[in-house]
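Build me a model from this:
(chains A and B)
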Protein chains: 2
Amino acid sequence: MRQAQARIETALAQTLARVQQRGAPPRLGAAVRHAVLPGGARIRPLLCLSVAQACGDRFPALSTAAAVAIELIHCASLVHDDLPCFDDATMRRGLASVHTAYGERIAVLTGDALIVLAFETLAAGAACTVSPSAGDDAAPATEALRALPTLTAILAQRTGMPGGITAGQAWECEDSVVLPDYQRAKTGSLFAAATEMGAVAAGAEAAPWRAFGERLGEAYQVADDIRDAAGDLQRLGKPAQRDAALGRPSAVAAIGLAGAIDHFERLLVHAQAAVPDSTGAAALRALVQSESNRLLPADLREHALAVA
Amino acid sequence: MRQAQARIETALAQTLARVQQRGAPPRLGAAVRHAVLPGGARIRPLLCLSVAQACGDRFPALSTAAAVAIELIHCASLVHDDLPCFDDATMRRGLASVHTAYGERIAVLTGDALIVLAFETLAAGAACTVSPSAGDDAAPATEALRALPTLTAILAQRTGMPGGITAGQAWECEDSVVLPDYQRAKTGSLFAAATEMGAVAAGAEAAPWRAFGERLGEAYQVADDIRDAAGDLQRLGKPAQRDAALGRPSAVAAIGLAGAIDHFERLLVHAQAAVPDSTGAAALRALVQSESNRLLPADLREHALAVA
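Residues are numbered from 1 along each chain as shown, chains lettered A, B, ... in the order given. Modelled structure (predicted):
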């Protein structure tokens, strides 16, 4: 786990360094770094690598690229979600949000540049993947090249239209919204992308891994709703009680704080049950358990139930 | 040419139809259509297909996908450029701009969704490309799969950081800017993407086609500056004299209207000279000539020189 964390941070730093050489506009370059480094828990890329490892991780360059691509999309979505026209959030991860630090125009462009960089990174990962048995100057492994359209399709569908995080965010602009659909699109999407892409990047099938990612993503969104309703600025690194202030759909608004905690715990049980049989299944269930404790620590759980 | 136009419009319509089925948020779906259909001159995708044809166009599904991807990126950039924090443009192509019609939040998401869709379309094009000699149920042609990382890399570099249109736009947020660098990034980029990707999608090398696209793109930006300074709303389909109003770098501001017209004409000569020898070279030079007349018609040229 600590090894996977290091692999992700190193790859993210290398990816950013690559696009910041050769005369990038300085403020955009700085804003892109601000958006990505230092990061949050990196749970989506960790999940991606963990699933790749459970599936044998035959092409580490490809699974690393997939993990980085997912995190870049996540960072892009945070930058755009924080914009004045959406959440109007001045803080993120304990620092000024990108538009607060660099202005609204640079924030729009930072999100755009990160989305582009995600797909670029994925393709570069496939292009530099050689068969484990080949020499250093071998052509890209055909299997990695065959995986690229699938990986790109998954990332695109989980990011864009009609059911990705962009669509999830767009549901907030509709008069009526079906809460599970909204949550599945807004947060579940990238978790499903993480498990599916981890499998495909290791040469396995995506489908068996979908439910695990979707359940975990739903649980994460519900935990976010609970933390938003019950947490405080210090704990979250961003202002609390924004959902209610913005009239945004949330599990707490729909079923109350106690109901949301109950729902969160059931979703985690479902997520663990959805882990396909594999050599890494036990490690993945342990990852879910540790995330559960991180997302909703005992003291916050008690505090939430007390104010419920 | 008319055949290529039809091929582009059909492919764009099919691409949009695909993402609008299966429960997309209705307003985002409508805004995405509004941003893409009906379009402008489609010069970038036309250029892409023309170069592919000059190179033999062996994989029409792939060159069509490349052309569509470039146009989707172009449309995304227009939607984001029109936002209140940038140009604050209420009209585009003679209609309300996306944020005017659907609000700022949907406009941000529309741009995001279109960027994602561009990369998705490119990958889908590679995945459905079979060798001309293969049967209907053949696996994707290895050559098309090998082209995908290159095509994705070109599109990403011409769109994002450090030198794509996103970076070009970001130069507007810097205190000082080198005009040719800015123009090359902001407009030249997607023209270079068009010629390079047209070549690669047909199995040819990108490099010989770069200068042609870059010169044409520069000419296009200079023509845009001239039209902005000398044109009127009716002709442009968008408000004129925005560059001066926004204090934006422009060829007219730098070298005057007469100087800009002279520069435009020299860039077109350079563009025609940069067309590599190929069976389609004459057709490409004719395309440049007809674009020249469209971009700066004789009456606008005379009007501009009169007010210069």
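
so where's the stretch 1-150 of chain A uncertain?
Applying pLDDT under 70 to the stretch 1-150 of chain A flags the ranges A:22, A:132-139.

50 - rerun?
Scanning the stretch 1-150 of chain A for pLDDT under 50 picks out no residues.

For it, which segments count as helices?
Using DSSP state H, counting those that start in this stretch, the helices of the stretch 1-150 of chain A run over A:2-20, A:26-36, A:43-54, A:60-81, A:98-102, A:104-127, A:142-159.

can I get those helices in TSV with distance to B:M91 and mean neighbour count?
Every residue, glycine included, has its C-beta placed from N, CA and C. Converted to TSV, those look like this (distance: least, CB to CB, whole Å; neighbours: other CB atoms under 10 Å in any protein chain shown):
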stretch	distance to B:M91	mean neighbour count
helix A:2-20	34	16
helix A:26-36	27	22
helix A:43-54	39	26
helix A:60-81	24	27
helix A:98-102	26	22
helix A:104-127	20	28
helix A:142-159	29	23
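
among the ones you listed, which is nearest A:C173?
helix A:60-81 (12.7 Å; CB to CB).

who are the neighbours of the closest one, in terms of helices and strands?
Here helix A:60-81 touches helix A:2-20, helix A:26-36, helix A:43-54, helix A:104-127, helix A:142-159, helix A:165-171, helix A:189-201, helix B:104-127, going by 3 or more CB pairs under 8 Å, 6 or more residues apart in numbering or on different chains; DSSP states H and E.

picking up where we left off before, distance to B:I43 for the helices of the stretch 1-150 of chain A - can I get that in a markdown table?
As requested, the helices of the stretch 1-150 of chain A are arranged in a markdown table below (distance: least, CB to CB, whole Å):
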| stretch | distance to B:I43 |
| --- | --- |
| helix A:2-20 | 27 |
| helix A:26-36 | 27 |
| helix A:43-54 | 39 |
| helix A:60-81 | 29 |
| helix A:98-102 | 33 |
| helix A:104-127 | 21 |
| helix A:142-159 | 26 |
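
of all those helices, which lies closest to A:S290?
The closest of the helices of the stretch 1-150 of chain A to A:S290 is helix A:43-54. By CB to CB, the value is 10.2 Å.

contacting residues around that closest one?
Under the criterion CB atoms under 8 Å, 6 or more residues apart in numbering or on different chains, residues A:1, A:4-5, A:7-8, A:57, A:60, A:63-64, A:66-68, A:70-71, A:74, A:190-191, A:193-195, A:197-199, A:201-202, A:209, A:212-213, A:216, A:220, A:278-281, A:283-284, A:287, A:291 lie in contact with helix A:43-54.

For A:E196, see how far away the residue nearest the centre of chain A is.
Nearest to the geometric centre of chain A sits A:R44, at 4.1 Å (CA atoms, centre = their mean). Using CB to CB, to the nearest Å, A:R44 is found at 12 Å from A:E196.

circling back to that earlier point, of the helices and strands packed on helix A:60-81, which approaches A:A274 most closely?
Per CB to CB, nearest to A:A274 of those: helix A:189-201, 9.2 Å.

Show me what the mean pLDDT comes to for that closest one.
Averaged across helix A:189-201, the pLDDT comes to 97.

quick one: it near chain B?
No: shown here: helix A:189-201 not in contact with chain B (CB under 8 Å from any CB of the partner chain), separated by at least 11.6 Å.

Remind me what that helix packs against, helices and strands.
Packed against helix A:189-201 by the contact rule (3+ CB pairs under 8 Å, 6+ apart) you find helix A:43-54, helix A:60-81, helix A:142-159, helix A:165-171, helix A:210-230.

send the alpha carbons of stretch A:94-105 over as CSV?
Below are the C-alpha coordinates for stretch A:94-105, written out as CSV (Å, rounded to 0.1, in the frame of the first residue of the first chain):
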residue,chain,number,x,y,z
GLY,A,94,-6.7,22.9,3.2
LEU,A,95,-5.4,25.4,0.6
ALA,A,96,-6.9,28.1,-1.5
SER,A,97,-9.0,26.6,-4.4
VAL,A,98,-7.5,27.1,-7.8
HIS,A,99,-9.7,29.9,-8.9
THR,A,100,-9.1,31.7,-5.5
ALA,A,101,-5.4,31.4,-6.0
TYR,A,102,-5.1,32.0,-9.8
GLY,A,103,-8.4,33.5,-10.9
GLU,A,104,-11.4,32.0,-12.7
ARG,A,105,-10.0,31.9,-16.2
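
Give me the neighbour count for A:H303.
Counted with other CB atoms under 10 Å in any protein chain shown, the neighbours of A:H303 add up to 16.

Check A:A273 too.
Look at A:A273: counted by other CB under 10 Å, it has 11 neighbours.

So it versus A:P208, what's the distance?
Here the distance between A:A273 and A:P208 works out to 13 Å (CB to CB).

Then A:Q272?
Distance, A:Q272 to A:P208, by CB to CB: 15 Å.

Counting neighbours, which bits of the helix or strand where A:A286 lies end up buried?
Per DSSP states H and E, A:A286 falls inside helix A:281-295. Buried residues in helix A:281-295, counted by 16 or more other CB atoms under 10 Å in any protein chain shown: A:284, A:287-288, A:291-292, A:295.

do you know how far A:A245 is from A:D87?
As for A:A245, its distance to A:D87 is 9 Å (criterion: CB to CB).

So for the two, which sits in the more crowded spot?
A:D87 (21 against 12).

what's near enough to touch the more buried one?
Applying CB under 8 Å, 6+ apart to A:D87 gives the contacts A:81, A:242, A:246.

and the helix holding A:A286, what other elements does it pack with?
helix A:43-54, helix A:210-230, helix A:251-273.

angle of it against helix A:189-201?
160 degrees (axes from the mean of the first three to the mean of the last three CA atoms, to 10 degrees).

got the contact list for helix A:281-295?
Contacts of helix A:281-295 (CB under 8 Å, 6+ apart): A:1, A:41, A:43, A:46-47, A:50-51, A:53-54, A:212, A:216, A:219-220, A:223, A:227, A:264-265, A:268, A:271-272, A:275, A:278.

hmm, try it at 7 Å
Here helix A:281-295 makes contact (CB atoms under 7 Å, 6 or more residues apart in numbering or on different chains) with A:41, A:43, A:50, A:54, A:216, A:220, A:223, A:268, A:271-272, A:275.

Now for those, which sits with the most neighbours around it?
Neighbour tally across those (other CB under 10 Å): the maximum, 31 neighbours, falls on A:L216.

With A:D243 as the reference, measure out to that residue.
Using CB to CB, one gets 20 Å for the distance from A:L216 to A:D243.

cool, and A:P60?
The value you get for A:P60 to A:D243, if CB to CB is used, is 39 Å.

And for A:R266?
Per CB to CB, A:R266 is found 21 Å from A:D243.

Show me which of those two is the more surrounded one.
The neighbour comparison of A:R266 against A:D243 (other CB under 10 Å) goes to A:D243, with 18 against 13.

Am I right that that one is in contact with A:I226?
No: taking contacts as CB atoms under 7 Å, A:D243 lies outside contact range of A:I226: 10.3 Å.

which residues does the residue in the stretch 201-308 of chain A positioned nearest to chain B contact?
Nearest residue of the stretch 201-308 of chain A to chain B, counting by CB to the nearest CB: A:L246, 11.4 Å away. Neighbouring residues of A:L246 by CB under 7 Å, 6+ apart: A:D87.

Over to A:R146?
Contacts for A:R146 (CB under 7 Å, 6+ apart) come out as B:L145.

redo that, cut-off 8 Å
With contact set as CB under 8 Å, 6+ apart, A:R146 has these partners: B:140, B:145.

Repeat that for A:G40.
Listed by CB under 8 Å, 6+ apart, the contact partners of A:G40 are A:R93.

so can I have CSV of the helices and strands packed on helix A:60-81 showing distance to B:A147?
Listed next are these as CSV, based on distance: least, CB to CB, whole Å:
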stretch, distance to B:A147
helix A:2-20, 22
helix A:26-36, 28
helix A:43-54, 26
helix A:104-127, 11
helix A:142-159, 10
helix A:165-171, 27
helix A:189-201, 20
helix B:104-127, 7
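
Which among the ones you listed is found nearest to B:T15?
B:T15 lies closest to helix B:104-127 among the helices and strands packed on helix A:60-81, at 5.5 Å (CB to CB).
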